[in-house]
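**Student:** Next come a sequence and a model predicted from it.
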Amino acid sequence: MAADRTPEPTALRERGPEELPERSRIVAEALRAAGITGGVVELDASARTAALAAEALGCEVGAIANSLVFMAEETPVLVLTSGRHRVATEALAARLGLPALKRATPEQVRSATGQAIGGVAPVGHPEPLLTVVDEALRDHPRIWAAAGTPHTVFPTTHGELLALTGGRPLPVTA
């Protein structure tokens, strides 16, 4: 595993809560309430995909926690996966004891999280979600996760994601 590179100073700006977009303020408050010390930062570039986020942050794509929403019938399931992985839905559904997982529509994502695709955070949702945290995220001492918009992120760790979300650590690949 290669070491994460430090972002250039111009790549991101830490913002006070009053300077953040509304969705990111909700995430920042959830982080504060949970005792998470990493602040929400705003990127100059979009972090809508793991590759774009990694480029903007100067880190490996595997250190990006993609927040993907799937549906198990009518139940939303949040999967926080390493940016280097594709979720094997059949295998993951079996590990969770669910009949099947299907990718959520943009409308289902917004309904479940209050956030749009490309900026879905691990927290700040209207209701807690069944959450899976990819075991592969343990490989990185620092992980970056979306903070409610495609331009906001926060630094975290695998352990913090588990504590923050109440998620289950599982492999998400086949």
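**Tutor:** That came through, no problem. Numbering: from 1, shown residues only.

**Student:** Doesn't Ala51 lie inside a helix?
**Tutor:** Yes. Assessed by DSSP: H, G, I helix; E, B strand; the rest coil, Ala51 belongs to a helix.

**Student:** Just list the residues touching it, thanks.
**Tutor:** Contacts for Ala51 (CB atoms under 8 Å, 6 or more residues apart in numbering) come out as Val61, Gly83. For the C-beta atoms, the positions are set from N, CA and C on the backbone; glycine is no exception.

**Student:** Where does pLDDT dip in the chain?
**Tutor:** Filtered on pLDDT under 70, the chain yields the residue ranges 1-17.

**Student:** and the longest helix for it?
**Tutor:** helix 22-33 (DSSP state H).

**Student:** Centre of the chain to that one, how far?
**Tutor:** Distance, stretch centre to chain centre, for helix 22-33: 14 Å (CA atoms, centre = their mean, to the nearest Å).

**Student:** Okay, now the sheet partners of the following helix or strand past it, with direction.
**Tutor:** The helix or strand immediately downstream of helix 22-33 is strand 41-43, counting by DSSP states H and E. Next to strand 41-43 in the sheet, as set by DSSP bridges, lie strand 12-14 (antiparallel), strand 152-156 (antiparallel).

**Student:** re earlier: what's the angle from the longest helix of the chain to strand 152-156?
**Tutor:** On the basis of axes from the mean of the first three to the mean of the last three CA atoms, to 10 degrees, helix 22-33 is oriented at 20 degrees to strand 152-156.
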